[in-house]
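S.K.: coordinates only, sequence not included:
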């Protein structure tokens, strides 16, 4: 909803029953996490991540967190990168092996140390900035995979020679296709504190205030819920 069809912020709408998913274990609040986490999960599917991979996820917003959780769920060694120490501290409790503050640390040096100068197998870019896309090309190893999930606000110039010389596979990733089921299973297993992904909950009549808070405090928000009664 909201992508292939109009969204569901209305009293009645129709949807094919084959598109419906349910869980007898999850609360409505946790079920509301399925869609955003599925976007990141889809990126992990695009990269065919497995337990032999070392994966760098750049960006620890809700989409990046979805990619991180998916990669951890699949048994990969996961490195999370962001410019916000609070987000990096938060994400440590979800099974990541290493965190990197790209604003404070020499990211390339850290990656080289962690991978014995081989680079990571997979990079998922969940920011959409010129610097982070270039970083992805630099830290991925030969024959590695890069998944582009972050939307850039303007055209980006990249060192395409790295794509050629490293024989890289570059994939685009948008939204989710068949990931709702695996994400529901992951949430039902309850391995990590998923409730903490919900930053704030607002009643319907305060929806405007919710958007205003999100706009002015993006660093404090992972997921906002609007409660319908």
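M.R.: Nice, I can see it. Note that this is a predicted model, so its numbers are computed, not measured.
S.K.: Distance across stretch 121-129, terminal residue to terminal residue?
M.R.: From its first residue to its last, stretch 121-129 covers 21 Å (C-alpha to C-alpha, to the nearest Å).
S.K.: Show me how far it is from its chain's centre.
M.R.: 9 Å (C-alpha atoms, centre = their mean, to the nearest Å).
S.K.: Looking at it now, give me its mean pLDDT.
M.R.: Throughout stretch 121-129, pLDDT has a mean value of 97.
S.K.: Please enumerate residues in contact with that stretch?
M.R.: Here stretch 121-129 makes contact (C-beta atoms under 8 Å, 6 or more residues apart in numbering) with 40, 43-44, 47, 49, 52-59, 61, 63-64, 67, 71, 76, 132-133, 136, 139-141, 144-153, 173. Yep, even glycine has a C-beta here, placed from its N, CA and C like the rest.
S.K.: quick one: the helices in the protein?
M.R.: For the chain, helices defined by DSSP state H occupy the ranges 28-31, 34-46, 62-73, 85-91, 107-114, 130-139, 160-165, 180-189, 207-216.
S.K.: and the residue most central in space within the chain, what does it touch?
M.R.: In the chain, the residue lying closest to the centroid (C-alpha atoms, centre = their mean) is residue 64, at 2.1 Å. Residue 64 is in contact with 40, 57-58, 80, 82, 124, 126-127, counting by C-beta under 8 Å, 6+ apart.
S.K.: which two in those are spaced the farthest apart?
M.R.: The most widely separated members of these, counting by C-beta to C-beta, are 40 and 82 (13.9 Å).
S.K.: Who has more neighbours out of those two?
M.R.: Comparing residue 40 with residue 82 by neighbour count (other C-beta atoms under 10 Å), the higher total belongs to residue 40, at 29 against 25.
S.K.: Let me know whether that one touches residue 78 as I believe.
M.R.: No. Contact status for residue 40 versus residue 78: not in contact, 11.8 Å apart, counting by C-beta atoms under 8 Å.
S.K.: Tell me how many other residues surround the spatially closest residue to residue 112 that is not a sequence neighbour.
M.R.: Of all residues not flanking residue 112 in the chain, residue 119 sits nearest, at 7.6 Å (C-beta to C-beta, 6 or more residues apart in numbering). For residue 119, the neighbour count with other C-beta under 10 Å is 20.
S.K.: right, and residue 119 touches residue 139 too?
M.R.: Yes. Look at residue 119 against residue 139 with C-beta under 8 Å: they come within range, at 5.6 Å.
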